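1. how would this look folded up:
(2 chains)
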Amino acid sequence: MSIWRKVHVNKKAHAWEGDIPIYFSYTVGPAGEKFFTALKEKGVFVAVRCRQCGKVYLPPRIYCEVCMEDVEEFVEVQPEGRVVTWTEVTRDSRGSLLEKPELIGFINIYNTDGGIIHKIVAKDFSKESLTGAEVKAVLKPPAERSGELGDILYFELKV
Amino acid sequence: MSKVGILGIGIVPARALSSDVSYRELIFEAAVKAYEDAGIEPFDVDTFVSVSEDFNEGVSIFDEYVPDQLGAVLKPVHTISGDGLYGVISVAMQIMTGMFRIGVVEAHSKASNVLNHLKILELALDPVYLRHTGVDPRFLAGLEMRAYMEASGIDAESVARAATHQRTNAIWNPLAAYPGKFSPDDVLLTEVVAEPLTEGMVAQPADGAVVVVLASEDVIRSQKKNQAVWIEGMGFYTSEPSFDTWVWERATYAELSARKAYEMAGISCPSKEISFAEVDSRYAYKMLQHIEACALTDGRNPAQLLRDGFFSKEGTLPVNLSGAHMGIGMMEEATALYQLAFAADQLLGRAGRMQLSDPYRCIIQSWRGLPTRSGATCILSRD
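-> Model prediction:
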């Protein structure tokens, strides 16, 4: 048993082109409903605290990954925090060049153990000082919000 | 419990394109080689594991596309989506139960079939909280790399040096698709992917296939092999899977899986008891991060050790002499098994120009890639 012959001429190597056109509607769940409703209606974030270990999750969830306990103590927090780490990207997810490079950061939201990954707009920023910088979310006007992360336009440096 | 060792390995050399064969034929070629190396026929095999991910294959329920070319029709077969080492551990555990004597692990890559790799990676991101950015999903690697660099004091040039270390090592690995002699500056000057990550720090896709035949000690001894390679320790862990609780600067999954494997192998001081290491390096900084996570530096800075030649062939603890992901190629689940095959050859004195002097024991560490916090570790030793 073995491969006796292989295609050895480029033009004779055939390939069949196909794609996977699949579409989803992802349920956000009860914790997600609270988060996105508060974002849309109040312009704040909702986190959730585990009574057993004290960990505060953002985005919220209904269970604690440490204790495996139900968590139900939802708390509202301001959409402000600190840049934990950041990067600058030049291409989109199709590999095409963006109009201009974008800063993306993980922002630890104050009074929580979690955070959000989002665009950061920082004019004249110093690369040395962006990590640890204080930022706040800039949201769409209330009438334009639809209850999704896109309601956050970007985070900007707090002055 | 039965001791488990490697009975045979079959590999198709990695290459950037493989338009001469389909993925099935890649696997078939590796299988034929593996059974020949093991001195068995496919019907001698009791259990099969294929390590693959549907999205990378372009079909769902990929399990059903595996048995024919492996000689696994009418046999127990299952698929693990994770990494090649997960497959090795799965088969080893089956053999350790005593219910199976010979098991096969298959991993392959037909990356050249995929026309838009970034979209597959994007689909792995949480749809509600992560996909919204719409940017190159390797932004996660950029975030992680910066966090690691800032926490460890390692600079981008050191990461670039990790990339060149592996590309250079691959020159002497005939199974590697991306050998090359580059300088750190060459790497730093490639296009920025997600600053500080540059294109030269990202492993490039390759095609290939590996089939590993594992067996119980009695089978291996009955083959009267003069020397065999044994699995002494194993571990696989997922640490914090949600991005909001990631410990950005650490590879906790690797720390945990290495610790478990060391414990199983009875290793108390890895840096002294390991002859060489093969670690995951899909992104060049991961090599340094994983070396630290596997407790191979005794608290010293891995970048400085790399600069001092500590991880080179002539160094105290050679790392990624195979070329790893940067040098062999990015083959998703399969690259770790190319590293395992290289390690087995090292232990058996068959590593050619990269042969070390009398290596006895090694660690192989793998990562499932972005956006996961999952990885596996195996400790191999020889008689």
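
2. let me know the pLDDT of residue 20.
-> Just going to use chain A. A:I20 is assigned a predicted lDDT (pLDDT) of 90.

3. ah, I was thinking of chain B
-> At B:D20, pLDDT is 93.

4. quick one: residues contacting it.
-> B:D20 is in contact with A:K6, A:V7, A:H8, A:A13, counting by C-beta atoms under 8 Å, 6 or more residues apart in numbering or on different chains. C-beta coordinates here come from the backbone N, C-alpha and C atoms, glycine included.

5. may I ask which helix or strand encompasses it?
-> Assigned by DSSP states H and E, B:D20 belongs to neither a helix nor a strand.

6. show me the shaky parts of the chain.
-> In the absence of a named chain, this looks at chain A. For chain A, the stretches flagged by pLDDT under 70 are A:1.

7. about what we covered before: between the contacts of B:D20, which sits nearest B:Y262?
-> A:K6 (43.5 Å; C-beta to C-beta).

8. the strand or helix carrying B:G375 and chain A, any residue contact?
-> Assigned by DSSP H and E, B:G375 belongs to strand B:374-382. No. For a cut-off given as C-beta under 8 Å from any C-beta of the partner chain, strand B:374-382 has no contacts with chain A; the smallest distance is 14.4 Å.

9. packing partners for that strand?
-> Judged by 3 or more C-beta pairs under 8 Å, 6 or more residues apart in numbering or on different chains; DSSP states H and E, strand B:374-382 is in contact with helix B:84-96, strand B:229-238, helix B:252-265, helix B:335-347, strand B:361-367.

10. return the set of buried residues in the longest one.
-> Taking 16 or more other C-beta atoms under 10 Å in any protein chain shown as the basis for neighbour counts, the residues of helix B:252-265 that come out buried are B:252-262, B:264-265.

11. helix/strand/coil for the residue nearest in space to the middle of chain A?
-> Geometric centre of chain A, nearest residue: A:I117, 3.8 Å, by C-alpha atoms, centre = their mean. Secondary structure state of A:I117, per DSSP: H, G, I helix; E, B strand; the rest coil, is strand.

12. hang on, it packs against B:D126?
-> No. Under the criterion of C-beta atoms under 8 Å, A:I117 makes no contact with B:D126, lying 9.5 Å away.

13. okay, and the common contacts of these two?
-> Shared contacts of A:I117 and B:D126, defined by C-beta under 8 Å, 6+ apart, comprise B:F243.

14. show me what contacts B:E106?
-> Contacts of B:E106 (C-beta under 8 Å, 6+ apart): B:27, B:30-31, B:48-51, B:66, B:70, B:87, B:209-212.

15. so what's A:D151 up against?
-> Applying C-beta under 8 Å, 6+ apart, we find A:D151 in contact with A:L39, A:K40, A:L139, A:K140, A:E144, A:R145.

16. which one of those sits closest to chain B?
-> The closest of the contacts of A:D151 to chain B turns out to be A:L39 (C-beta to the nearest C-beta; 11.8 Å).

17. so what's the closest one closest to, chain neighbours aside?
-> A:D151 (5.4 Å; C-beta to C-beta, 6 or more residues apart in numbering or on different chains).

18. what about B:S112, how many residues nearby?
-> Using other C-beta atoms under 10 Å in any protein chain shown as the criterion, B:S112 is surrounded by 16 other residues.

19. what's the spacing between it and chain A?
-> 9 Å (C-beta to the nearest C-beta, to the nearest Å).

20. can you read off the pLDDT for that residue?
-> The predicted local confidence for B:S112 is 96.

21. phi first, then psi, for the closest residue to chain B within chain A.
-> At 3.0 Å from chain B, A:T87 is the closest residue in chain A, using C-beta to the nearest C-beta. When read as degrees, to the nearest 10, the backbone of A:T87 gives phi -150, psi 170.

22. which strand residues bridge it?
-> Going by DSSP bridges, A:T87 is paired in beta bridges with A:I104.

23. next, count neighbours for it.
-> Residues near A:T87, counting by other C-beta under 10 Å: 29.

24. B:C269 too?
-> For B:C269, using other C-beta under 10 Å, the count is 10.

25. what pLDDT is listed against it?
-> 97.

26. any chance of the contacts of B:E106 in TSV, with distance to B:W248, pLDDT and neighbour count too?
-> Converted to TSV, the contacts of B:E106 look like this (distance: C-beta to C-beta, whole Å; pLDDT from 0 to 100; neighbours: other C-beta atoms under 10 Å in any protein chain shown):
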residue	distance to B:W248	pLDDT	neighbour count
B:I27	37	97	27
B:A30	37	97	26
B:A31	40	97	26
B:F48	38	97	24
B:V49	32	97	26
B:S50	33	96	25
B:V51	27	95	26
B:V66	36	90	23
B:L70	39	95	23
B:G87	29	97	31
B:A209	34	98	32
B:V210	32	98	34
B:V211	37	98	32
B:V212	34	98	28
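
27. thanks a lot, see you next time.
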